[in-house]
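Trainee: fold the stuff below for me.
(one chain, ligands or ions: 1)
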Amino acid sequence: MTRPLASSASRRLHRFTESVIREQTRLAQVHGAVNLAQGFPDFPCPPALKELANRAVTEDHNQYSITWGSRGLREAVARKARAYNGIAADPETEVTVTCGSTEAMMCAFLGLVDPGREVILFQPFYENYHPDSYLSGAKPVYVTLRPDLKTGDWTFDEKELRRAFGPKTAAIVLTTPHNPTGKVFSRAELEAIAKLCHKWNVLVFSDEIYEHILYDGARHVSPASIPGLQDRTVTIGSASKTYGVTGWRVGWAIAAAPLTASLRKVHDFLTVCAATPLQAAVEGALGMPAEYYRAMAGEYRERREYLMAGLREAGYNPFQPAGAYYIMAEAGAFLKKKGGPRNDVELARELVTAAGVAAVPGSSFYRSGSKALTQRRDDLLRFCFCKKEETLRAAVERLKAFR
Ligand SMILES: Cc1ncc(COP(=O)(O)O)c(C=O)c1O
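Mentor: Now for the predicted structure:
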């Protein structure tokens, strides 16, 4: 007889569950549902990128790169950071290539936050930050974003933000443009945050993976470009969303040399390096002309318009995003029916099984615990629109029929 295992999970894992988004994707596959849950395109990446990747393999870029990334890609990231983000970075000591921004964020947490310290998260939050906090032994502290019912903009209460900072705060995580709300942080908001970071000597982990996906004239402001923040900010980016290659797993972290030295230590032992041929391809991609970025954002704007209208027709109250490619929508109308779903989780389950559309329950972007304590909303669903026209059409038809 085999001896029972003393433990099948380390204590670190007790504080968080598996990804709800990836679980919805699995259910979508099981039930043949249209997947508007997980943020990856179902259309091909630009042909130029495929050529770059093919060439890199053919030319034998097949071995480990320098752990912190090939020199060519680090230089390309530094050039882009100067031109687009207003950040001056030395590619030798201040740029690290990682396996997507997911790894960059984890390296920032593990390399720069001591166990027992606090990290501020805006909720609803991109779900990875929660495990990032707990795996690094940090305690998340939450500031809630609330939608303005007239404009659809999501804002925070400055008093609540001030209360979140304290002597234990090590870092604040910013996501701009923001997933799941589509909020684009304004310069004024970032300046207010910068003042508090100064006062409490706090780092900024800035996830800017949607930096090129902006609508209606919204401007991307990188926190590190705010005076006084450059030396305390880790700016995290990725090829995943900008070039529609989420499976390539190439991202980067830009930070002052002492911060970079710490996160590189984690990166080296965690993954050694990102895929070498794809680093070469992303180096080429970063040289795409301005027209590529304009056209890409324009195409997403059309998809946003289509899904906004479709969701309204299907009985939801969607909030219009200013950036990224998700729509948060109120689904209260579906939660009032007798015998029907009682909350977003039950509704999302019913949508995937009965209507054939996968969305993400909004509550998975909020801290868990009692509703009174957490400010959690359980009447929201998140739909993503980085999909082919026909995929969006099929989803809208199914949602309308379900109504
Ligand atoms: C805000 C945000 N950060 C990071 C990621 C993951 O990025 P990557 O593919 O670069 O690891 C996502 C993916 O959906 C995201 O929405």
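Trainee: for the rest of this, base every contact and every neighbour count on C-alpha atoms.
Mentor: Fine.
Trainee: show residues contacting the longest helix seen in the chain.
Mentor: Longest helix in the chain by number of residues, with DSSP state H as the criterion: helix 290-313. Contact partners of helix 290-313, identified using Cα atoms under 8 Å, 6 or more residues apart in numbering, comprise 212-215, 242, 317-318, 320, 325, 327, 329, 385-387, 389, 392, 396, 399-400.
Trainee: select from these every entry located in helices.
Mentor: Among the contacts of helix 290-313, DSSP H puts 242, 389, 392, 396, 399-400 in helices.
Trainee: low-scoring stretches of the stretch 251-400 of the chain, by residue?
Mentor: For the stretch 251-400 of the chain, the stretches with pLDDT under 70 are 372.
Trainee: write out the residues of it neighbouring the ligand.
Mentor: Counting by Cα under 6 Å from any ligand atom, the stretch 251-400 of the chain comes close to the ligand at Gly251.
Trainee: where do the strands sit along the stretch 251-400 of the chain?
Mentor: Chain-ordered strands for the stretch 251-400 of the chain, with DSSP state E, counting those that start in this stretch as the definition, fall at 251-254, 317-319, 326-330, 357-358, 360-361, 380-384.
Trainee: for the fourth one, packing partners?
Mentor: The one in question is strand 357-358. Packing partners of strand 357-358 (3 or more Cα pairs under 8 Å, 6 or more residues apart in numbering; DSSP states H and E): helix 20-31, strand 34-35, helix 389-402.
Trainee: export these as a markdown table, with columns for mean neighbour count.
Mentor: Formatted as a markdown table, the helices and strands packed on strand 357-358 follow (neighbours: other Cα atoms under 10 Å):
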| stretch | mean neighbour count |
| --- | --- |
| helix 20-31 | 17 |
| strand 34-35 | 26 |
| helix 389-402 | 17 |
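Trainee: can you put those in a markdown table and add distance to Gly369?
Mentor: Formatted as a markdown table, these follow (distance: least, Cα to Cα, whole Å):
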| stretch | distance to Gly369 |
| --- | --- |
| helix 20-31 | 16 |
| strand 34-35 | 28 |
| helix 389-402 | 30 |
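Trainee: wait, which of those is closest to Leu263?
Mentor: helix 20-31 (26.8 Å; Cα to Cα).
Trainee: contacting residues around stretch 109-116?
Mentor: Stretch 109-116 is contacted from outside by 132-133, 135-139, 168, 170-171, 259, 262-263, 265-266, using Cα under 8 Å, 6+ apart.
Trainee: now do it: distance to the chain's middle.
Mentor: Relative to its chain's centre, stretch 109-116 lies at 20 Å (Cα atoms, centre = their mean, to the nearest Å).
Trainee: in the longest helix of the chain, which residues are buried?
Mentor: Neighbour-count burial for helix 290-313, with 16 or more other Cα atoms under 10 Å as criterion, is recorded at 293, 296-298, 300-301, 303-304, 306-308, 310-311.
Trainee: do the same with stretch 106-123
Mentor: Taking 16+ other Cα under 10 Å as the criterion, stretch 106-123 shows 106-113, 115, 117-123 as buried.
Trainee: if we can go back for a sec, which of the contacts of stretch 109-116 has the most neighbours?
Mentor: Ala171 (27 neighbours; other Cα atoms under 10 Å).
Trainee: residue contacts, the closest residue to the ligand within the stretch 301-403 of the chain?
Mentor: Residue nearest to the ligand within the stretch 301-403 of the chain (Cα to the nearest ligand atom): Ala324, separated by 8.2 Å. Contact partners of Ala324, counting by Cα under 8 Å, 6+ apart, are 177-179, 182, 210-211, 213-214.
Trainee: give the bridge partners for the residue of the stretch 251-400 of the chain found nearest the ligand, please.
Mentor: Across the stretch 251-400 of the chain, the shortest distance to the ligand (Cα to the nearest ligand atom) belongs to Gly251, at 5.4 Å. With DSSP bridges as the criterion, Gly251 is bridged to Thr98, Ser238.
Trainee: go on, Gly323?
Mentor: Bridge pairing for Gly323 - DSSP bridges - gives Leu214.
Trainee: from Arg303, how far off is the closest residue to Val396 other than its chain neighbours?
Mentor: Once flanking residues are discounted, Val396 sits nearest to Gly310: 5.5 Å by Cα to Cα, 6 or more residues apart in numbering. According to Cα to Cα, to the nearest Å, Gly310 and Arg303 sit 10 Å apart.
Trainee: which parts of the protein are helices?
Mentor: 20-31, 47-58, 71-80, 100-112, 129-135, 158-164, 187-200, 239-242, 257-271, 276-285, 290-313, 344-350, 371-374, 389-402.
Trainee: go through these and name the closest to Ser225.
Mentor: With Cα to Cα as the measure, helix 187-200 is the member of these nearest Ser225 (9.7 Å).
Trainee: report the distance from that closest one to the chain centre.
Mentor: Here the centre of helix 187-200 is set off from its chain's centre by 21 Å, with Cα atoms, centre = their mean.
Trainee: can you give me the buried ones in that helix?
Mentor: By neighbour count with 16+ other Cα under 10 Å, helix 187-200 contains the buried residues 187, 190-191, 193-194, 196-197.
Trainee: helices or strands up against that helix?
Mentor: By 3+ Cα pairs under 8 Å, 6+ apart, helix 187-200 packs against no helix or strand.
Trainee: restricting to C-alpha, output that helix in PDB.
Mentor: Output in PDB follows, covering the C-alpha atoms of helix 187-200 (Å, rounded to 0.1, in the frame of the first residue of the first chain):
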ATOM      1  CA  ARG A 187      -1.800  62.100 -15.700                       C
ATOM      2  CA  ALA A 188      -3.600  63.800 -12.800                       C
ATOM      3  CA  GLU A 189      -4.500  60.400 -11.200                       C
ATOM      4  CA  LEU A 190      -0.900  59.200 -11.700                       C
ATOM      5  CA  GLU A 191       0.500  62.400 -10.100                       C
ATOM      6  CA  ALA A 192      -1.700  61.900  -7.100                       C
ATOM      7  CA  ILE A 193      -0.500  58.300  -6.800                       C
ATOM      8  CA  ALA A 194       3.100  59.500  -7.300                       C
ATOM      9  CA  LYS A 195       2.800  61.800  -4.300                       C
ATOM     10  CA  LEU A 196       1.700  59.000  -2.000                       C
ATOM     11  CA  CYS A 197       4.500  56.700  -3.400                       C
ATOM     12  CA  HIS A 198       7.000  59.400  -2.400                       C
ATOM     13  CA  LYS A 199       5.500  60.000   1.000                       C
ATOM     14  CA  TRP A 200       5.600  56.300   1.900                       C
END
